[in-house]
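Visitor: Predicted model, plus sequence, below.
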Amino acid sequence: DMSVPDLLRARDLRKQLLVGVVIKIGVQFSGIDAIFYYSTLMFRHAKVSDPQLATTLLSLVNLTMTFVALGIMEKAGRRALMMCTWVGMCTGFLTIFLAGTAGESFGILPELMSNVEVVAMVMIIISFAVGVGNVEGFLISEIMPVYAKDTLSSIGQPLNWIANLIVSTGFPLVFAALGRNTYLIFVGLTLFFGWFTFTKVPETKGKTIAQVTKDFERY
């Protein structure tokens, strides 16, 4: 097995290490934890009549789409599903911001805009569940040689939980300060992760580690 210092010094695995770390962090900085942990608050802010029921239904949507993702993963490919995540989540957060601004700041069909925000939150959950929420674990294990897989996990997983802590504790503070403008932060982050996936992450479905390593040479 490769040690952590050895992996950090391995120039031939530097791109794989970067992809693994960014994807692990991206899972949390995508904003999904803000939805999972504070959906009731967000529903209440969107003037939903029963925020707790809406949160429960949101969890059921996530569970259902997880099974759907498992069924289509081998057909659609890891990279394609991850791109679906970033595009869908970016669109969803932008929609929440625009609908909230239209309904609350300009008084444009406030009830309709509240419903649009709910639909956008469901869209975010679906986008996450069918893509990076399920795919990242497979992708991380497929980009590294066998002797370095566990080492990458030992680097990526702590960073994943640190990012989780930052988002889960920081979101309510930032939301209290910025209001709906907080969603624009997630728009920017998901846009970045989408660009990164499109330009830096090769498809790994059905490929050997030798083929994946060769693909990394082109990125």
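Guide: Sure thing, it's come through.

Visitor: ok, which stretches of this structure are strands?
Guide: With DSSP state E, there are no strands along the chain.

Visitor: Next, the buried residues of stretch 194-206.
Guide: Going by neighbour count (16 or more other C-beta atoms under 10 Å), the buried part of stretch 194-206 is 194, 196-197, 201-205. Using the backbone N, CA and C atoms, a C-beta is placed for each residue, glycine as well.

Visitor: Contacts for it next, please.
Guide: Contact partners of stretch 194-206, identified using C-beta atoms under 8 Å, 6 or more residues apart in numbering, comprise 15, 18-19, 22-23, 26, 74, 77-80, 82-83, 86-87, 90, 138-139, 142-143, 212, 215-216, 218-219.

Visitor: Distance from the chain centre to the longest helix out of those in the chain, please.
Guide: Ordering each helix of the chain by length in residues (DSSP state H) puts helix 146-178 first. Distance, stretch centre to chain centre, for helix 146-178: 12 Å (C-alpha atoms, centre = their mean, to the nearest Å).

Visitor: mean confidence score for it?
Guide: In this model, helix 146-178 has a mean pLDDT of 92.

Visitor: Looking at the residue of the chain positioned farthest from its centre now. What's its pLDDT?
Guide: In terms of distance from the mean C-alpha position of the chain, residue 107 ranks first, at 31.4 Å (C-alpha atoms, centre = their mean). The model reports residue 107 with a pLDDT of 84.
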